[in-house]
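A.B. asks: Need coordinates for the below:
(chains A and B)
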Amino acid sequence: EVQLVESGGGLVQPGGSLRLSCSASGFTFSRYAMHWVRQAPGKGLEFVSSIGGNGEYTHYADSAKGRFTIYRDNSKDSLYLQMTSLRPEDTAMYHCVRDSGSFDCWGQGTQVTVSS
Amino acid sequence: QAGLTQPPSVSKGLRQTATLACTGNSNNVGNQGAAWLQQHQGHPPKLLSFRNDHRPSGISERFSASRSGNTASLTIAGLQPEDEADYYCSAWDSSLSVWVFGGGTKLTVL
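C.D. replies: Numbering: from 1, shown residues only, chains lettered A, B, ... in the order given. The predicted structure is shown next:
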């Protein structure tokens, strides 16, 4: 069974940092591009970042450029999102998503709250 | 980054057919097509279709997707109570090199 389990979220002050992790199982992790997609409370879906199966490319939303870094460790079947200079508008549920043609498998998400 | 355009809400009766629209431009929907996701309250989204009309295994044939120009559509036939959910479209934008989402359509089954 394909599983994606996120961790690392929490409450952080504006300007702070967090590292999100996503542990994958049930599939050959390195064969798939992966995404981070977030959803603010009561709002729609927002693309954050993508990475190729071997890290050969990365893409970032404008809101994430210069502040967030996506990376992966295929030896650990894990995806990461390093977030710095966090702002209140970054408050959201962050989902790790597998790409098999599109956003085909989603984790339950980890909640990030940026507040003083 | 500008997203795709979806109507905020659609209401249809039980066993009727609903068609949800998603409008983009030639760099996204009109280029590589759209994907559709369904999200029930409190749950992560579920992929219903991708590249316009490809349906993942396990997705009911009542869900069908298509595209005409820069507009993608999701048609849900024989509406059931469990179809009441939020529906999002998404597409790769080759000009911006990002994925873009629509704002979502809340489908109500009367």
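A.B. asks: all strands in the chain, in order from the N-terminus.
C.D. replies: The chain I'm using is chain A. Assigned by DSSP state E, the strands in chain A fall at A:3-7, A:10-12, A:18-25, A:33-39, A:45-51, A:58-60, A:68-73, A:78-83, A:92-99, A:103-106, A:110-114.
A.B. asks: hmm, I had chain B in mind actually
C.D. replies: Using DSSP E, strands in chain B cover B:9-12, B:18-23, B:35-39, B:46-49, B:63-68, B:71-76, B:85-93, B:98-101, B:105-109.
A.B. asks: before we move on, back to that, please convert the strands of chain A to TSV, extending it with distance to chain B, mean neighbour count and mean pLDDT.
C.D. replies: Quick note: C-beta positions are derived from backbone N, CA and C, even for glycine. TSV is the format used below for those (distance: least, C-beta to the nearest C-beta, whole Å; neighbours: other C-beta atoms under 10 Å in any protein chain shown; pLDDT from 0 to 100):
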stretch	distance to chain B	mean neighbour count	mean pLDDT
strand A:3-7	9	17	98
strand A:10-12	19	14	98
strand A:18-25	13	19	98
strand A:33-39	7	23	98
strand A:45-51	4	24	97
strand A:58-60	6	18	97
strand A:68-73	13	18	98
strand A:78-83	15	22	98
strand A:92-99	6	23	98
strand A:103-106	4	21	94
strand A:110-114	12	18	98
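A.B. asks: As a markdown table, these with distance to B:Asn25 would be great.
C.D. replies: Converted to a markdown table, the strands of chain A look like this (distance: least, C-beta to C-beta, whole Å):
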| stretch | distance to B:Asn25 |
| --- | --- |
| strand A:3-7 | 31 |
| strand A:10-12 | 36 |
| strand A:18-25 | 31 |
| strand A:33-39 | 21 |
| strand A:45-51 | 16 |
| strand A:58-60 | 18 |
| strand A:68-73 | 26 |
| strand A:78-83 | 28 |
| strand A:92-99 | 22 |
| strand A:103-106 | 20 |
| strand A:110-114 | 31 |
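A.B. asks: Return the residues of chain B in contact with chain A.
C.D. replies: For chain B, the residues in contact with chain A (C-beta under 8 Å from any C-beta of the partner chain) are B:1, B:35, B:37, B:39, B:44-47, B:50-51, B:54, B:56, B:86, B:88, B:90, B:97-104.
A.B. asks: 6 Å - rerun?
C.D. replies: B:1, B:35, B:44-45, B:47, B:50, B:88, B:97-99, B:101, B:103-104 (C-beta under 6 Å from any C-beta of the partner chain).
A.B. asks: Show me what the residue nearest in space to the middle of chain A is bridged to.
C.D. replies: Nearest to the mean C-alpha position of chain A, counting by C-alpha atoms, centre = their mean, stands A:Trp36 at 3.2 Å. Note on A:Trp36: beta-bridge partners by DSSP bridges are A:Ser49, A:Cys96.
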